[in-house]
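Asker: fold the stuff below for me.
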Amino acid sequence: MPGGRLTQPERQQIALGLADGLAYAEIARRLERPTSTITREVMRNGGPTGYRADLAHRATEHRAHRRKPAAPRGTAAAPAAHGRDAEEVRAFEETFTTVMMGSGMPKMMARVMASLTLADSGSLTASELSERLQVSPASVSKAVAFLDGQGLIRRERDERRRERYTVDDDVWYQAMMASARSIAQIVETTRQGVTVLGSDTPAGNRLENVARFLDFVSESTARAAEQARAILHTKPPAAPEESPTAPGGSGSS
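Answerer: Residues are numbered from 1 along each chain as shown. Next up, the predicted model:
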């Protein structure tokens, strides 16, 4: 399977595949690349409808030139927790970030959210985020203010009186409920429009249909979030304990 950066011809094949309506997995299979590579490439370069091979290639070259030089030889990389592959984790974090950006979240906010979500502790300080993302403390502060305002993270003080930013287990539940409330507000406003325009007019009828549709979506979203909330608090299964084996034997009689 090919490795390394995508080539310009490969990017052209990605663009052709998207134009033909192929799924990322099928494009990846044809290029003999991991599906995550194709997903990350498309999402960070305009998404499935805005992807352009030449622009993507130039943007990647530009990013490569801006990257910091590699650490001197002999400098050991920090060991990854739980035996994880550090490069795979980094690549997934980038993919996760680009997917959140595709949903409308600004880039720096998405980067901070991804870092907090993928940290085992679910909690990092401003300095830890700044070092991890290689950005200024001011950038972190702005992103944190946005996420805090959206109710996606919370602030707390640790034992050293440092401010920490934490992603709660309930964050996705809260996000879905906020979405449901936002849709409900649109429903209320839309129904006001029906009164203004008249329910027996084409425009009024259109707004009424929109209101009914969004009302159903809002109620379904809130109900599903409530029903599934407990899933967010499911703990990983405990590792099975090894049964002791008698010295010098297999334990069988």
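
Asker: now the helices: where do they sit in the protein?
Answerer: Under the criterion DSSP state H, the chain contains helices at 8-19, 24-31, 35-43, 47-50, 53-66, 86-102, 107-118, 126-133, 137-149, 171-197, 202-228.

Asker: could you dump the ones you listed into CSV with distance to Arg155, mean pLDDT and mean neighbour count added?
Answerer: Heads up, the C-betas are built off the backbone N, CA and C, glycines and all. Converted to CSV, the helices of the chain look like this (distance: least, C-beta to C-beta, whole Å; pLDDT from 0 to 100; neighbours: other C-beta atoms under 10 Å):
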stretch, distance to Arg155, mean pLDDT, mean neighbour count
helix 8-19, 41, 91, 18
helix 24-31, 37, 91, 18
helix 35-43, 29, 85, 20
helix 47-50, 32, 80, 11
helix 53-66, 31, 75, 13
helix 86-102, 20, 84, 16
helix 107-118, 12, 92, 21
helix 126-133, 10, 91, 17
helix 137-149, 6, 90, 16
helix 171-197, 14, 92, 15
helix 202-228, 24, 95, 14
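
Asker: can you convert these into CSV and add a column each for distance to Thr234?
Answerer: Formatted as CSV, those follow (distance: least, C-beta to C-beta, whole Å):
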stretch, distance to Thr234
helix 8-19, 36
helix 24-31, 28
helix 35-43, 25
helix 47-50, 32
helix 53-66, 37
helix 86-102, 20
helix 107-118, 16
helix 126-133, 27
helix 137-149, 24
helix 171-197, 13
helix 202-228, 11
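
Asker: among the ones you listed, which is nearest Arg161?
Answerer: helix 126-133 (12.9 Å; C-beta to C-beta).

Asker: please name every helix or strand in contact with the closest one.
Answerer: The contact analysis (3 or more C-beta pairs under 8 Å, 6 or more residues apart in numbering; DSSP states H and E) places helix 126-133 against helix 107-118, helix 137-149, strand 163-166.

Asker: at 6 Å what do you get?
Answerer: Judged by 3 or more C-beta pairs under 6 Å, 6 or more residues apart in numbering; DSSP states H and E, the packing partners of helix 126-133 are helix 137-149.

Asker: the helix it packs on: how far from the chain's middle?
Answerer: 17 Å (C-alpha atoms, centre = their mean, to the nearest Å).

Asker: alpha carbons of it, in CSV - could you do that?
Answerer: Taking Å, rounded to 0.1, in the frame of the first residue of the first chain, the C-alpha atoms of helix 137-149 are listed here in CSV:
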residue,chain,number,x,y,z
PRO,A,137,-2.0,31.5,24.5
ALA,A,138,-4.2,34.3,23.0
SER,A,139,-5.4,31.9,20.3
VAL,A,140,-6.2,29.3,23.0
SER,A,141,-8.0,31.9,25.1
LYS,A,142,-10.2,33.0,22.2
ALA,A,143,-11.1,29.4,21.3
VAL,A,144,-11.9,28.6,25.0
ALA,A,145,-14.1,31.6,25.3
PHE,A,146,-16.2,30.5,22.3
LEU,A,147,-16.5,26.9,23.5
ASP,A,148,-17.4,28.0,27.0
GLY,A,149,-20.0,30.3,25.6
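
Asker: correct me if wrong: Gly101 contacts Arg111.
Answerer: Residue 101: Met, not Gly. No - here Met101 does not reach Arg111: they are 8.9 Å apart, not a contact under C-beta atoms under 6 Å.
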